[in-house]
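Visitor: Here's my sequence, what's the structure:
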Amino acid sequence: MAGMGTGNSVEQVVVYLRIPEDRTGAEAGVDRQCQDCLDLRSRLGADGPAVFMDNDISAYGNKKRPGYLEFLERVKLGPSRIVV
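Guide: The predicted model follows:
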């Protein structure tokens, strides 16, 4: 977490990455997303990883997305900027 908030609140910058279908299994789309999101996160002054990912997991039919569920729990911890 980075001290980016005002007053006593500490704002975290949290990254969520998702590709619903990865036909090759190479995670190339997620890798591209990750680098862009980490670059933005760095420009926002955040350090340390708070990255959650669901690769090749569709949300169709209310399927569980473990990375998304972890991401939601992290955001509940306090003020957050979300990078997707």
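Visitor: Now the helix or strand bottoming out on mean pLDDT in the chain - C-alpha only, PDB.
Guide: Ranking every helix and strand in the chain by mean pLDDT, DSSP states H and E puts helix 28-43 at the bottom, with a mean of 83. What follows is helix 28-43, C-alpha atoms only, in PDB (Å, rounded to 0.1, in the frame of the first residue of the first chain):
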ATOM      1  CA  ALA A  28       0.100 -13.000 -23.700                       C
ATOM      2  CA  GLY A  29      -3.000 -10.800 -23.300                       C
ATOM      3  CA  VAL A  30      -2.700 -10.900 -19.500                       C
ATOM      4  CA  ASP A  31       1.000 -10.100 -19.800                       C
ATOM      5  CA  ARG A  32       0.300  -7.000 -21.900                       C
ATOM      6  CA  GLN A  33      -2.400  -5.900 -19.500                       C
ATOM      7  CA  CYS A  34      -0.100  -6.500 -16.500                       C
ATOM      8  CA  GLN A  35       2.700  -4.300 -17.800                       C
ATOM      9  CA  ASP A  36       0.300  -1.400 -18.700                       C
ATOM     10  CA  CYS A  37      -1.400  -1.700 -15.300                       C
ATOM     11  CA  LEU A  38       1.900  -1.900 -13.400                       C
ATOM     12  CA  ASP A  39       3.200   1.200 -15.300                       C
ATOM     13  CA  LEU A  40       0.100   3.100 -14.300                       C
ATOM     14  CA  ARG A  41       0.300   1.900 -10.700                       C
ATOM     15  CA  SER A  42       3.900   3.100 -10.600                       C
ATOM     16  CA  ARG A  43       3.000   6.500 -11.900                       C
END
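Visitor: For the nearest residue to residue 46 once chain neighbours are set aside, give me the pLDDT.
Guide: Closest residue to residue 46 apart from its sequence neighbours, by CB to CB, 6 or more residues apart in numbering: residue 13 at 3.6 Å. Every residue, glycine included, has its C-beta placed from N, CA and C. Predicted confidence (pLDDT) for residue 13: 89.
Visitor: didn't residue 13 look like it was pressed against residue 78?
Guide: No: taking contacts as CB atoms under 8 Å, residue 13 lies outside contact range of residue 78: 11.7 Å.
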